[in-house]
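Peer 1: just the structure for this:
(chains A, B and C)
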Amino acid sequence: MANKTAESISREEFFYGHKACAGCGGSLAVRAALKVLGPNAVSVLPAGCMSAVGFNFPQLCFSNNSIISTFAGTASMLTGVEAGLRARGIKEFTAVGFAGDGGTADIGIQALSGAIDRNDNIIYICYDNEAYMNTGIQKSGLTPFGAKTTTTPAGSNIHGNIRPKKNMFEIAAAHDIPYAATASVGYISDFIQKVQKASQIQGTKYIHVIAPCPTGWGVAPDETVDIAKEVVDCGLWYLAEYENGEFRLNHKPKEFTSVEAYLKKQGRFKHLTDDDIRIITASRDKKWEYIGKNFAL
Amino acid sequence: MKKFLSGNEAFAEGIRLARPQVISAYPITPQTIVVERLSEMVEDGSLKAEYVHVESEHSAMSCAIGASAAGARAFTATSSQGLLYMAECLYYASGGRFPIVMMNADRSTALPWNIYGDQRDSLSQLDSGWIQAYAENAQEALDLALMSYRIAEDKRVSTPFMANLDGFVLTHTYETVDIPEREQADRFLPPYETDNRIDLDAPKNMAFSAGPDTNYIFKYKEHEGVLAARQVITETEKEFAGIFGRKYTGLLESYRTDDAEYIIVTLGSIAGLCRETADKLRGEGIKAGVVRIRYMRPFPNEEIAAVLRNAKAYAVLEKDISFGNDGTVFTNVNSALKKAGVNVKGYNFIGGLGGRNISAADIEKIYSDIAKGTESVNFIGIGGGDNG
Amino acid sequence: MRPYIREKKSFTFDEVPENTSFEAGYLTTVNSGWRSIRPVVNTQKCVGCEQCYLYCPDGVISVKDGKAAIDYDFCKGCGICAKICRIGAIEMEAERK
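Peer 2: Sure thing, here's the model as predicted:
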């Protein structure tokens, strides 16, 4: 029984033996992307979960060329690696970055913006687990409204994070980037196809993939993929692309599954009141209204 | 070929001859002219390099590290707040043993805001693991640009190199400079070869973590690399003199110190005025001498001790203060003497902060102050105090 | 091909690299000790659809002779494979020490 997606990617494993938590969504995103890009991928990972679990001398878990950057420097180091290899006359490689939500939307956004502005020939993949997980679950700019983290505790006065998630996908698109996409590790074939597509495009590519962290989200390790699927199915995340100046929705759920069911499965949202859930559902509906008007299908 | 150039322009000419493959460029006064000239050289084809318009100094150094990790020769330039903004990356570059060369236009650091020259920016980064050189004039700046890569890329060293030019006083002052011939420069500086790089045939994992069991070994080896620069600087200057005819004197330069009773130790462009003053005082029968420190890292411990050993007193004149203690150069000089068992009375003179002029009269007064004894740490024109 | 366990696991002063670069994919420790439960493939049921292979965060599943096979040295027992398997060909069993 042939699996078309499995056939389309390398049988080799490039991210192996790492010390990520069991069921880590981020490691799944990195693993899958490298299987698309193959042995000539040169990966840059900032200080964060994936570098912490993958690069402890002498335990080195990437079988392709890989380097850790500073926390803020994923995109700028990618720029340097790409320019340096090109300057040496090397052509057959793909410079790819893997940074988390904090490394992308907070501390790394300046360097990312610079790289997109220069249209450097790189792929930047943000694996979004919606908080600073490596340091123990602190709020980032991509932590969703209502989520409990260790810096946005849920009490009777404040119910977790009071601000919505930054829209990194549309921020990247606003640079008029050649290619940007959203994805989820719950829809791995879609993610893999987007990495494949990105690898064929000249210039800067940005892929934002939801990658649940069972530890930080308060779900069982075996629920990573299901919850990453459910966030799309309930409409709190969406699968889309930006290309040639246009947004395109890749997947429109016929009807949304329950937002409440999605939230209440997770420890980080357990405290939410009915009012909180109504706010989240309303913002989802508003977003989809916007998507309906502005995204091609 | 002789040309009338500013310090910035001379340094850029030296960089053109050094053929960097990747240049990450970001403007900051008073360095900006360097990246402007380099962009013109790339435009006219006389310098074949990837010229990257980064969006900050942090990215300038991060990009240079990436380029160096790709096996390319990398260059950037900065100053003051820019140097401090990229500080994280300085340690990264040295820890990874990436032989990047950076020019720093020495400038005051905020607050209060000030664009003029002092040396608090680079001296605050002495512990960053970089080789630090201080040029006195435009010719030395150009020659340092060329020599810096030879020294940094030497396998025994493998350490990034910061070439410091006094802001405005050197970066913007025009002098006649001899520009070496391209063929000579190529003979002196071969292309960069390293195994500390990305390799598609034998992949590497780079810039990794190392726990307590090996971390200190990496740090020891990094320390040895900077120390190895002592020997490599000597060898490089010897070869440079053979090809280009200009001689340099290693980690420091001494002037009339053989029989000197009173010696000013300083660094950078103020050394010229110190020498003139020493000459004048010699004419008056005062045995004055000058030591110009050319390299703060590696530090010329033995050389300093040897040259100050027979003096009656010395002054360290620097454009720096480590608040709550001495000027950092003074601290380093005192440490050198202590280690060598040299017991000569020393005094610290802080001057030139925020670009304040240091006059010949100021320097003359330093010589007379140390002859009769003064406070331990003295701010020129304000006064002194014992820092306890 | 995937990173694999090496014989040489500790490094003396001279063997520690001069810089922070080293052979890619150099493994010295396994992850099997992390597991409290382990996935067991029922080869009678497995149809080799490779969904478990695609979704394994650790990449420890490969398909051999049309059936899923697990590298227990590096499996952490997260259970995603058992959950993703639509025909119930993988079951999680308690790890016996």
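
Peer 1: mind listing what's buried along the host helix or strand of A:Phe191?
Peer 2: If you go by DSSP states H and E, A:Phe191 is part of helix A:188-199. By 16 or more other C-beta atoms under 10 Å in any protein chain shown, the buried positions in helix A:188-199 come out as A:188-195, A:197-199. Glycine gets a C-beta too; all of them are placed from N, C-alpha and C.

Peer 1: closest one of those residues to chain B?
Peer 2: Nearest to chain B, judged by C-beta to the nearest C-beta, of these is A:Ser199 at 15.8 Å.

Peer 1: closest residue of the stretch 151-297 of chain A to chain C?
Peer 2: Using C-beta to the nearest C-beta, the single residue of the stretch 151-297 of chain A nearest to chain C is A:Asp222, 3.2 Å away.

Peer 1: list the contacts for the closest residue to that residue other than its chain neighbours?
Peer 2: Distance criterion C-beta to C-beta, 6 or more residues apart in numbering or on different chains; nearest residue to A:Asp222, sequence neighbours excluded, is C:Gly79 at 3.2 Å. If you count contacts by C-beta atoms under 8 Å, 6 or more residues apart in numbering or on different chains, C:Gly79 has them with A:23, A:220-222, C:37, C:39, C:92.

Peer 1: for the helix or strand hosting A:Met50, C-alpha coordinates in PDB please.
Peer 2: Assigning secondary structure by DSSP H and E places A:Met50 in helix A:49-54. Below are the C-alpha coordinates for helix A:49-54, written out as PDB (Å, rounded to 0.1, in the frame of the first residue of the first chain):
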ATOM      1  CA  CYS A  49      14.200  23.500  22.200                       C
ATOM      2  CA  MET A  50      15.400  22.000  18.900                       C
ATOM      3  CA  SER A  51      19.000  23.000  19.400                       C
ATOM      4  CA  ALA A  52      19.000  22.100  23.100                       C
ATOM      5  CA  VAL A  53      17.800  18.600  22.300                       C
ATOM      6  CA  GLY A  54      19.900  18.100  19.200                       C
END
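
Peer 1: in its sheet, what does the helix or strand following that helix sit against?
Peer 2: Going down the chain from helix A:49-54, the next helix or strand is strand A:55-57, by DSSP H and E. Neighbouring strands of strand A:55-57 in its sheet, by DSSP bridges, are strand A:59-60 (antiparallel), strand B:209-210 (parallel).

Peer 1: where does the chain dip in pLDDT?
Peer 2: Since no chain was named, I'll use chain A. Applying pLDDT under 70 to chain A flags residues A:1.

Peer 1: chain B, not that one
Peer 2: Chain B contains residues with pLDDT under 70 at B:384-388.

Peer 1: and the strands in the stretch 101-250 of chain A?
Peer 2: Ranges of strands within the stretch 101-250 of chain A are A:123-128, A:179-184, A:205-210, A:240-243, A:246-249, based on DSSP state E, counting those that start in this stretch.

Peer 1: can you tell me which helix or strand the residue of chain C most remote from its centre belongs to?
Peer 2: Most distant from the centre of chain C: C:Asp14, at 32.6 Å, with distances by C-alpha atoms, centre = their mean. Using DSSP H and E, C:Asp14 falls within no helix or strand.

Peer 1: still on that earlier bit, pick the one among the contacts of C:Gly79 closest to chain B.
Peer 2: Among the contacts of C:Gly79, A:Gly23 lies closest to chain B (C-beta to the nearest C-beta), at 22.9 Å.

Peer 1: next up, the contacts around that closest one.
Peer 2: Here A:Gly23 is in contact with A:214, A:220-224, C:57, C:76, C:78-80 (criterion: C-beta under 8 Å, 6+ apart).

Peer 1: and the residue nearest to the spatial centre of chain C, how far from A:Gly26?
Peer 2: With distances taken as C-alpha atoms, centre = their mean, C:Val60 lies nearest the centre of chain C, 2.9 Å away. Computed as C-beta to C-beta, to the nearest Å, the C:Val60 to A:Gly26 distance reads 17 Å.

Peer 1: C:Ile87 too?
Peer 2: With C-beta to C-beta as the criterion, C:Ile87 and A:Gly26 are 28 Å apart.

Peer 1: ok, B:Arg182 next?
Peer 2: In this view, B:Arg182 and A:Gly26 are 50 Å apart by C-beta to C-beta.

Peer 1: ok, those two, which is more surrounded?
Peer 2: More crowded of B:Arg182 and A:Gly26, by other C-beta atoms under 10 Å in any protein chain shown: A:Gly26, with 28 against 12.

Peer 1: circling back: between which two of the contacts of C:Gly79 is the distance greatest?
Peer 2: Using C-beta to C-beta, those span at most 14.4 Å, a distance reached by A:Ala220 and C:Pro39.
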